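# All I have is the shape, not the residue letters:
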Ligand SMILES: [Zn+2]
Ligand SMILES: [Zn+2]
């Protein structure tokens, strides 16, 4: 095993089931993830599509209660070993295991997404 990478080693994790997750990394970086962002970036095979295709939308089980959409929420967040957390959503989906590596990879902050500030027209 390689030595742990401080970039994928969480120093502190704050979890708000109704807001999202914030992680302070050992290398001093801070990442904040909103609920919808996390749900959208669920790493499980169902959500990412196992055939290399991009699914149009997260799968939603047909239910008789689709006349309203409850606000997205995390029902439960449980640690998986020392490398990941598993998030159970209130839409019934709970197979997403978010490794810290994945968290760091999907960090939405400008310096990680490579977003430029104000320069370079997009699109
Ligand atoms: Zn998923
Ligand atoms: Zn970042």
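That came through fine. From a predicted model like this one, the values you see are computed outputs, not experimental measurements. Numbering: from 1, shown residues only. Ligands and ions are numbered 1, 2, ... in the order given.

# so where do the helices sit in the chain?
For the chain, the helices defined by DSSP state H occupy 35-40, 45-48, 100-105, 110-113.

# I'd like those helices written out as TSV, with mean neighbour count and distance to residue 81 added.
Any C-beta I mention is one placed from the backbone N, CA and C, and that applies to glycine too. Formatted as TSV, the helices of the chain follow (neighbours: other CB atoms under 10 Å; distance: least, CB to CB, whole Å):
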stretch	mean neighbour count	distance to residue 81
helix 35-40	16	19
helix 45-48	14	19
helix 100-105	18	10
helix 110-113	10	24
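
# Geometrically speaking, which residue is the centre of the protein?
Per CA atoms, centre = their mean, the C-alpha nearest to the average position across the chain is that of residue 38, at 3.0 Å.

# Can you verify my assumption that it contacts residue 20?
Yes. Residue 38 is in contact with residue 20 according to CB atoms under 8 Å; the separation is 6.3 Å.

# before we move on, the earlier item: how about CSV for the helices of the chain, with mean pLDDT and distance to residue 13 added?
Shown next, in CSV, are the helices of the chain (pLDDT from 0 to 100; distance: least, CB to CB, whole Å):
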stretch, mean pLDDT, distance to residue 13
helix 35-40, 96, 13
helix 45-48, 92, 22
helix 100-105, 97, 9
helix 110-113, 94, 17
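
# For ligand 1, find the nearest of these.
Closest to ligand 1 of those, according to CB to the ion: helix 45-48, at 3.3 Å.

# how close does the nearest residue to residue 19 once chain neighbours are set aside sit to residue 17?
Among residues not flanking residue 19 along the chain, residue 35 sits closest, at 6.7 Å (CB to CB, 6 or more residues apart in numbering). Computed as CB to CB, to the nearest Å, the residue 35 to residue 17 distance reads 9 Å.

# Which neighbours do those two have in common?
73, 74 (CB atoms under 8 Å, 6 or more residues apart in numbering).

# which bits of this protein sit near ligand 2?
Within the chain, the positions near ligand 2 by CB under 5 Å from the ion are 107, 109, 112.
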